[in-house]
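In: Sequence and predicted structure, then a few things I'm wondering about:
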Amino acid sequence: MGSKASRGGRVLVIQPDPMSSALLSEHLLADGHKVWVAESAQEGAQQLEDETFDIVLLDLDLADRLGFDLLKQIRSTYIPAVLPVIVSSAREHSDAIVEAFALGANDYVTKPINLPVLRARIQALLAVRAMPVTDETSDSFPFAATEVDLPAIDQRLQRAEGGARKLRSICDILRDVLDAERASVYRYDKARNELLTVVAHSDETSGSNESLLIRMSAEEGLAGAALCADELQNVPDAYEDDRFNQSFDQKTGFRTRSVISFPLHAYEGELIGVAQVLNHRDGPFSEEHVRMIEQLAPRCAGALSLAFFEADSELELAKTIEAVPGIDSLADTILPAIPGIADDTRLQATARPEVKNPHSLVGKTIGRYRVTQVLGIGGQGFVLDAEDELIGRAVALKMVNIDYTKNPLTRERFMNEVRSMGQINHPNTVAIHDVGEYDDALFIVMEKGDGGTAWKLMKDKERVPWHRVVDIVSDACNGLDAAHRRGMIHRDIKPDNILLISDGTAKLTDFGLALAPNAEDIAGSGRIVGTPHYMSPEQCRGDDVDHRSDIYSMGGTFYHMLTGEPPYPERASVHDLLTSHCDDPVPDPRAIDADLPAECTAIVRTSMAKNPDDRYASAVEMLQDLTWLRELARRVD
């Protein structure tokens, strides 16, 4: 359960790629394990004959299905409880994972490997292995069998959008897998010494995704006992335990019998919450249930960490993003959706006329901001270098091309949305300091960067080194995650909108274009917004979009920075470009640069999947895959 002390084990890594095996070995050794490495199935089989191991990490992508043959060989000799096996395979090879579970695999990771997840799953299986095998213990205990589908559980947790839904998904999974009546999960607010949750039981909620948080003392009841002791509490009869708080039963008429409460740790080891499951249908919870919990707890903790975000030192429930139409009020590109009238004169990117000559504003004062020079001019408007005369701060002032006189609601919506963006306050997003209007034009006052943009970096260099690209896009994913957890969709991810700071940090910018949840479509039927080279297929078609549209655009940006060209270059018209996003295969960056790591292809393929359901479920997932590349880059350097 993400225990306080690391349990070292004897680990056999069967991995054909020397760089990957070296990286895995380095991290496993740092965690206190003893590590043996085999680069082939034959070598792995020999190691298994010569040595005794506590756990095996087996790459299924060995040539000629030899990984599957070796798994069969292992299971012909060792039951899953004695020698656990964690398999790895490319993310798109989900069928291989399913087959491996049918052959007796205990757990899995996808490639690129998420190292913190792998650590947690190793520790969970070592804890299970250390439990005594009794007469009640099945030779093929549940997680080696098909009745508990770990990949399906992971998918349920990943696809639950918003904090409330993630919490309920955790509860549903725990209740179903442990065959219990009720389950609850709590986030630990250390600053207030409180546990936070939402109503999790289907008979107590109308289905709202934005339920109010419920707070209770972190020392209360059996949940508090598990948290304070940082240990699992298995209580056969709650009413026989003085720590049990009977108030819930008294209020609802529910009769609690058996209870199992257990702490939840983030992948880095921090205690972040506690889960509690009530009333196993056949009586007390058994050792078999504890074994299940060992593997479920890290997964539940990972989902719990995504269910909240910190704002002004307070924990807030992540917002749910519903798919909604785009609005054109701030877009630099307004295009008819496809399929439609294939008139290329209408399909060219268009922008509203400039509201002012930007150079005429140099030397003038807009509000409290004195304009010193013009930084750039684009389809959305122009950006001015300015000084905040009140506090003497250099800022960037963006005057936006928006004709709000034609729709008075546009101005109000613009103001509300930009104020919301100003509250993100994340190290990887450009801070928005102010918003206002000047001579019937709207403007945004933003943090001023000193390192240009990712686009400028690409223009200045023949090719940006792939490890630098990984750093930049990783930072951008961090910023995008901060926006998504607040319920915001960016809609215009591209190299121009990633600002670089002199210390190497990248920051996502132009959040003034972002779409807040439940925004109305004022562009008119069949109109779309965005930058064509990075638009998701659903954007190109004019369909509703959610946060996964941003994931696609981030993938397109990653591809462009890796290769020096956009995903679908040299299309004859914008219509052809949009059609390519919808219909053409996802491009492979290694077709342009064969020296790129294979993981680059995997990340592009997943982020730019045509079907949103096949993409990363969140910016965090994409970031986790990028983290493996950052580790590889560190070893190369």
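Out: Yes, it's here.
In: What helix or strand is His27 located in?
Out: His27 is part of helix 18-30 when elements are defined by DSSP states H and E.
In: so where's this protein shaky on pLDDT?
Out: Within the chain, the stretches with pLDDT under 70 are 1-6, 133-147, 199-211, 324-356, 378-380, 402-410, 413, 417, 511-530, 637.
In: roughly how far is the helix holding His27 from the heart of the chain?
Out: 24 Å (Cα atoms, centre = their mean, to the nearest Å).
In: who touches it?
Out: Helix 18-30 is contacted from outside by 11, 13, 15, 35, 37, 39, 57, 113, 115, 118-119, 122, 628, 631-632, 635, using Cβ atoms under 8 Å, 6 or more residues apart in numbering. C-beta: built from backbone N, CA, C; applies to glycine.
In: Name the SS class of the residue lying closest to Gly564 once chain neighbours are set aside, please.
Out: Once flanking residues are discounted, Gly564 sits nearest to Arg463: 5.5 Å by Cβ to Cβ, 6 or more residues apart in numbering. Using DSSP: H, G, I helix; E, B strand; the rest coil, the secondary structure recorded for Arg463 is coil.
In: quick revisit: among the contacts of helix 18-30, list the two that are farthest apart in space.
Out: For those, the maximum inter-member distance is 22.2 Å, found between Glu39 and Arg119 (Cβ to Cβ).
In: between these two, who's got more neighbours?
Out: Arg119 (21 against 16; other Cβ atoms under 10 Å).
In: helix or strand for that one, which one?
Out: helix 115-130.
In: likewise Leu227?
Out: helix 221-229.
In: Which parts of the stretch 401-550 of the chain are strands?
Out: Secondary structure of the stretch 401-550 of the chain (DSSP state E, counting those that start in this stretch): strands located at 432-438, 441-447, 498-500, 506-508, 527-529.
In: Looking at the ones you listed, spot the one closest to His490.
Out: Nearest to His490, of the strands of the stretch 401-550 of the chain and by Cβ to Cβ, is strand 506-508 at 7.2 Å.
In: The residue nearest to Gly564: how many residues sit nearby?
Out: 13.
In: returning to what we had before: sort out which residues of the helix holding Leu227 are buried, please.
Out: Gly221, Leu222, Ala223, Gly224, Ala225, Ala226, Leu227 (16 or more other Cβ atoms under 10 Å).
In: for the residues you listed, which one is nearest Phe558?
Out: Leu227 (39.6 Å).
In: Run through the neighbouring helices and strands of the helix holding Leu227.
Out: Judged by 3 or more Cβ pairs under 8 Å, 6 or more residues apart in numbering; DSSP states H and E, helix 221-229 is in contact with strand 180-189, strand 194-197, strand 233-235, strand 259-265, strand 271-280.
In: and with 7 Å instead?
Out: strand 233-235, strand 259-265, strand 271-280 (3 or more Cβ pairs under 7 Å, 6 or more residues apart in numbering; DSSP states H and E).
In: Give me the sheet partners of the shortest one and which way each runs.
Out: Translated: strand 233-235. Using DSSP bridges, strand 233-235 pairs in its sheet with strand 259-265 (antiparallel).
In: what does the strand it pairs with contact?
Out: For strand 259-265, the surrounding residues in contact (Cβ atoms under 7 Å, 6 or more residues apart in numbering) are 1-2, 222-223, 225-227, 230, 232-235, 238, 271-278, 285, 289, 293, 297, 300-301, 304.
In: From these, list the buried ones, please.
Out: 1-2, 222-223, 225-227, 232-235, 238, 271-278, 285, 289, 293, 297, 300-301, 304.
In: Could I get the CA-only coordinates of the helix holding Leu227 as CSV?
Out: Provided in CSV are the C-alpha atoms of helix 221-229 (Å, rounded to 0.1, in the frame of the first residue of the first chain):
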residue,chain,number,x,y,z
GLY,A,221,-13.3,6.9,13.3
LEU,A,222,-11.6,3.9,11.8
ALA,A,223,-10.6,5.9,8.7
GLY,A,224,-8.8,8.3,11.0
ALA,A,225,-7.2,5.4,12.8
ALA,A,226,-5.8,4.0,9.6
LEU,A,227,-4.5,7.4,8.6
CYS,A,228,-2.9,8.2,11.9
ALA,A,229,-1.3,4.7,12.3
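In: what angle separates that helix from strand 259-265?
Out: 40 degrees (axes from the mean of the first three to the mean of the last three Cα atoms, to 10 degrees).
In: How about the contacts made by the closest residue to Lys364 other than its chain neighbours?
Out: Spatial nearest neighbour of Lys364, chain neighbours left out: Val371 (5.6 Å); criterion: Cβ to Cβ, 6+ apart. Going by Cβ under 7 Å, 6+ apart, Val371 touches Leu361, Val362, Gly363, Lys364, Leu384, Ala386, Leu397.
In: about what we covered before: now do the buried residues in the helix holding His27.
Out: Ser20, Ser21, Leu23, Leu24, Ser25, His27, Leu28.
In: nearest to Ser573, of the contacts of Val371?
Out: Leu384 (33.8 Å).
In: How about Gly273: which residues does it bridge to?
Out: Here Gly273, judged by DSSP bridges, has bridge partners Arg187, Leu264.
In: And for the one 4 residues further on?
Out: Applying DSSP bridges to Val277 yields these beta-bridge partners: Ala183, Ile260.
In: my read: it touches Asp176, true?
Out: No. Applying Cβ atoms under 7 Å as the test, Val277 and Asp176 come out as separate, 10.5 Å apart.
In: of all the strands of the stretch 401-550 of the chain, which lies closest to Tyr267?
Out: Closest of the strands of the stretch 401-550 of the chain to Tyr267 is strand 506-508, at 23.3 Å (criterion: Cβ to Cβ).
In: Does anything pack onto that closest one? Which helices or strands?
Out: helix 466-485, strand 498-500.
In: Now Thr601. Its backbone dihedrals?
Out: Phi and psi for Thr601, reported as degrees, to the nearest 10, are phi -60, psi -40.
In: What is the burial count for it?
Out: Neighbours of Thr601 (other Cβ under 10 Å): 19.
In: so who does it touch?
Out: Contacts of Thr601 by Cβ under 7 Å, 6+ apart are Asp588, Pro589, Arg590.
In: how about the nearest residue to the second one, chain neighbours excluded?
Out: In other words, Pro589. Closest to Pro589 by Cβ to Cβ, 6+ apart is Leu562, at 4.6 Å.
In: what helix or strand does the one you found sit in?
Out: Going by DSSP H and E, Leu562 is in helix 547-563.
In: And Ile173, by the same measure?
Out: helix 163-177.
In: Residues in contact with that helix: which ones?
Out: 148, 153, 156-157, 160, 182-185, 197-198, 200, 209-211, 275, 277, 292, 296, 300, 303-304, 306-308, 317-318, 320.
In: Next one: Trp455 relative to Ala396, how far apart?
Out: 16 Å (Cβ to Cβ, to the nearest Å).
In: Looking at those two, which is more packed in?
Out: Between Trp455 and Ala396, counted using other Cβ under 10 Å, Ala396 has the larger neighbour count: 21 against 17.
In: just to revisit the earlier point, from the contacts of helix 163-177, which ones fall inside strands?
Out: Counting by DSSP state E, the contacts of helix 163-177 place Arg182, Ala183, Ser184, Val185, Thr197, Ala275, Val277, Phe308, Leu317 in strands.
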